[in-house]
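S.K.: just the structure for this:
(one chain, ligands or ions: 1)
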Amino acid sequence: MSLLVVRVLAKAFGGVQAVKDVSFHLEAGEMLALIGPNGAGKSTCFNMLNGQLAADKGSVLFDGRELIGQRPRDIWRLGVGRTFQITATFASMTVRENVQMALLSHHGELFSFWRRASHRHGAEADRLLDRVGMLHQADRACGVLAYGDLKRLELAVALANGPRLLLMDEPTAGMAPKERVALMELVAGIAKEEQVSVLFTEHDMDVVFAHSDRLMVLNRGEIIATGSADDIRSNDLVKEVYLGGGTTFDTGREMKSHA
Ligand SMILES: Nc1ncnc2c1ncn2[C@@H]1O[C@H](COP(=O)(O)OP(=O)(O)OP(=O)(O)O)[C@@H](O)[C@H]1O
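M.R.: Numbering: from 1, shown residues only. As a prediction, the model looks like this:
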């Protein structure tokens, strides 16, 4: 059985049907990209999957358990992690301390005072930092990190929870092209080696085509296409939605308009 099975998920805001009967599945270790123009419903989908937003209807089975109706914290505890468009780390703490905080939280030890916290889970924090290529910066304050390094740290923080599914909302937003490739190679490696499934949204089509096993295209709340990069590239409806038809997906293109 698939790790994640989403069935007829829907959400309206007033008269706007933001997500309309969305159904899909995600396998262990799979990188699935959810793409679509601005306002297509991607964030709304994500917010329902992790419990931040109540669905109007539908079902989200994660490893056989229903997530709809559960609180975000409980969904997170079940192993659904999330990284944000805006990086969420503590600027005054060191890189290592940020990961230690996440590990404390994972182990249900957040009642500890920080003085104790800084002495806990150091080895595990370093292992995670090594995994994301940040061990050499472990003692630096988070506030002075370059943006790309913050994103790596954010990934380590998400991994501290031992997720089996990672929801990544535009993980490479604001990064230089080279950094984008490096971050997504890292994520793809982790997905395969540790069998973590990744559902991500992304506007950079180079990133999407290079690093997803499968893609889903959302338009006006509905999935209009699912398939491999080649399937999606050659899909006339997708081209129409993104490009107004007629053209091809160019290298470096960011798909943002035509909602
Ligand atoms: N809290 C809200 N209240 C009212 N309308 C909303 C709300 N959140 C989203 N919408 C509307 O729902 C639709 C889908 O929005 P959503 O943010 O999910 O799209 P998106 O694909 O994530 O867009 P983007 O790529 O710009 O982030 C849009 O029409 C949006 O205006």
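
S.K.: with adjacent residues omitted, what lies nearest to the residue nearest to the spatial centre of the chain?
M.R.: Nearest residue to the geometric centre of the chain (CA atoms, centre = their mean): M168, 1.1 Å. Sequence neighbours aside, F200 is the residue nearest to M168 in space, at 4.0 Å (criterion: CB to CB, 6 or more residues apart in numbering). In this view, the C-beta of every residue, glycine as well, is placed from N, C-alpha and C.

S.K.: follow-up on the earlier one: for beta bridges, what are the partners of the residue nearest to the centre of the chain?
M.R.: Residues in a beta bridge with M168, per DSSP bridges, are T83, F200.

S.K.: so what's it up against?
M.R.: R82, T83, V187, V198, L199, F200, T201 (CB atoms under 8 Å, 6 or more residues apart in numbering).

S.K.: quick check: pLDDT value at the residue nearest to M168.
M.R.: F200 is assigned a pLDDT of 95 by the prediction.

S.K.: quick one: residues contacting the residue nearest to R140 when sequence neighbours are not counted.
M.R.: Distance criterion CB to CB, 6+ apart; nearest residue to R140, sequence neighbours excluded, is V95 at 5.6 Å. Shown in contact with V95 (CB under 8 Å, 6+ apart): L129, M134, Q137, A138, D139, R140, A141, C142, L145, L153.

S.K.: let me know the closest of those residues to the ligand.
M.R.: For these, the residue nearest the ligand by CB to the nearest ligand atom is L153; the value is 23.2 Å.

S.K.: I figured that closest one hits V99, correct?
M.R.: Yes: counting by CB atoms under 8 Å, L153 does reach V99; the two are 7.4 Å apart.

S.K.: overlap in contacts, the two.
M.R.: Overlap of the contact sets of L153 and V99 (by CB under 8 Å, 6+ apart) consists of L129.

S.K.: how about the contacts of V95, which pair is most distant?
M.R.: Within those, L129 and A141 form the most distant pair, 14.5 Å apart (CB to CB).

S.K.: so the two - more neighbours on which side?
M.R.: For L129 versus A141, the count of surrounding residues by other CB atoms under 10 Å is larger for L129: 22 against 15.

S.K.: just give me the neighbour total for the closest residue to that one other than its chain neighbours.
M.R.: Excluding its sequence neighbours, the residue lying closest to L129 (CB to CB, 6+ apart) is L135, at 4.4 Å. By other CB under 10 Å, 16 other residues sit near L135.
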